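**Student:** build the 3D model from these lines:
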Amino acid sequence: MIGIFDSGVGGLSVLRAVRERLPGHPILYLGDRIHVPYGPRPLSEVRAFSEAITLKLLARGAVLIVVACNAASAAALHHLRARYPVIPFVGMEPAVKPAAETTRSGVVGVLATPATFQGALYASVVERFASGVTVLQDTCPGLVERIEAGDLDGPQTRAILELALAPMLARGMDTVVMGCTHYPFVIPLIQQICGPGVRVIDPAPAVACQVERVLEARGLLSIPPQPYLRCMTSANPESFAQLANRMLNGCCQPDSVEIVRWRGIILE
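**Tutor:** Sure thing, here's the model as predicted:
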């Protein structure tokens, strides 16, 4: 079983890519919607949430865990790998490298939450791969909340994106990176705002490829097909199920959605 988690429904963009790549594998997804968004929270708090969720997924039988949240990857991925050395973790890394390699104008935009920009992972990626490239960034305040509300193309969502993108476009940006797993759900709106001359990079397909490589390396691709999708959420399960059905858009639908509850920093 592949375990996937995020602060909310954003990680469903990664789940969708994993299911398309590995249609026969069972998936267990946990969306911690009671704490969404993780992005503005202190890294130490996000790290504690991530460890508790990891324990929950392992207890339910996950053999690989996808940290489908850029903020959680920035805050906790190194810690989780050190804490659970026998468990493979696949995290999110801002796709600055492919953006820097393909930009024609030399100006790249990154849309992400504060926790991602504060993390050492982001700084390392920019330092290693974006030499000679102008990297512009914006935290898009309120965008995660609009997506969690199911508003993917309304006037409020458009206003947030226009405020972030207009200055980048004015400086010649021709490539924009989705640095939060929620943001791929508004790519159609981003493309409307930016026009056909701007490339939008969604890292989810590359993450799905890495999941396949890790499973193959560990001999776990030969398991019998069990293509179920089970979901857990720390908030209203009916609301989560409705939003998941809409966002997955026929790719796959949850077989079940159950609620899990926090007791302090323990997830029951």
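**Student:** pLDDT averaged over stretch 190-199 - what is it?
**Tutor:** Across stretch 190-199, pLDDT averages out at 98.
**Student:** what are the buried residues along it?
**Tutor:** By neighbour count with 16 or more other CB atoms under 10 Å, stretch 190-199 contains the buried residues 190, 193, 194, 198, 199. For the C-beta atoms, the positions are set from N, CA and C on the backbone; glycine is no exception.
**Student:** what about the residue nearest the centre of the chain, which SS state?
**Tutor:** For the chain, residue 181 is the residue whose C-alpha lies nearest the centre (CA atoms, centre = their mean; 2.8 Å). Applying DSSP: H, G, I helix; E, B strand; the rest coil to residue 181 yields a three-state assignment of coil.
**Student:** so how far is residue 204 from the residue lying closest to it once chain neighbours are set aside?
**Tutor:** Closest residue in space to residue 181, ignoring its immediate chain neighbours: residue 10 at 3.9 Å, by CB to CB, 6 or more residues apart in numbering. Note on residue 10: its distance to residue 204, by CB to CB, to the nearest Å, is 10 Å.
**Student:** what's the helix or strand of the chain with the lowest mean pLDDT packed up against?
**Tutor:** Ranked by mean pLDDT, DSSP states H and E, the helix or strand of the chain with the weakest confidence is helix 114-118, at a mean of 89. For helix 114-118, the elements it packs on are helix 43-59, helix 70-83, judged by 3 or more CB pairs under 8 Å, 6 or more residues apart in numbering; DSSP states H and E.
**Student:** and residue 93, how far is that from residue 189?
**Tutor:** According to CB to CB, residue 93 stands 24 Å off from residue 189.
**Student:** what about the two, which has more around it?
**Tutor:** Higher neighbour count among residue 93 and residue 189: residue 93, with 21 against 17, using other CB atoms under 10 Å.
**Student:** in contact with the more buried one, which residues?
**Tutor:** Taking CB atoms under 8 Å, 6 or more residues apart in numbering, we find residue 93 in contact with 73, 121, 125, 203.
**Student:** make JSON lines out of those and add neighbour count, pLDDT and distance to residue 240.
**Tutor:** Shown next, in JSON lines, are those (neighbours: other CB atoms under 10 Å; pLDDT from 0 to 100; distance: CB to CB, whole Å):
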{"residue": "73", "neighbour count": "27", "pLDDT": "95", "distance to residue 240": "22"}
{"residue": "121", "neighbour count": "19", "pLDDT": "86", "distance to residue 240": "28"}
{"residue": "125", "neighbour count": "19", "pLDDT": "93", "distance to residue 240": "31"}
{"residue": "203", "neighbour count": "23", "pLDDT": "95", "distance to residue 240": "23"}
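**Student:** residue 164: which of those is nearest?
**Tutor:** Nearest to residue 164 out of the contacts of residue 93 is residue 203 (CB to CB; 18.1 Å).
**Student:** for the closest residue to that closest one other than its chain neighbours, what are its contacts?
**Tutor:** Nearest non-adjacent residue to residue 203, counting by CB to CB, 6+ apart: residue 95, 4.3 Å away. The contact partners of residue 95, taken as CB under 8 Å, 6+ apart, are 177, 178, 179, 201, 202, 203, 206.
**Student:** highest neighbour count among those?
**Tutor:** Neighbour counts for the contacts of residue 95 peak at residue 179, which has 29 neighbours (criterion: other CB under 10 Å).
**Student:** show the pLDDT at that one.
**Tutor:** You'll see residue 179 listed with a pLDDT of 95.
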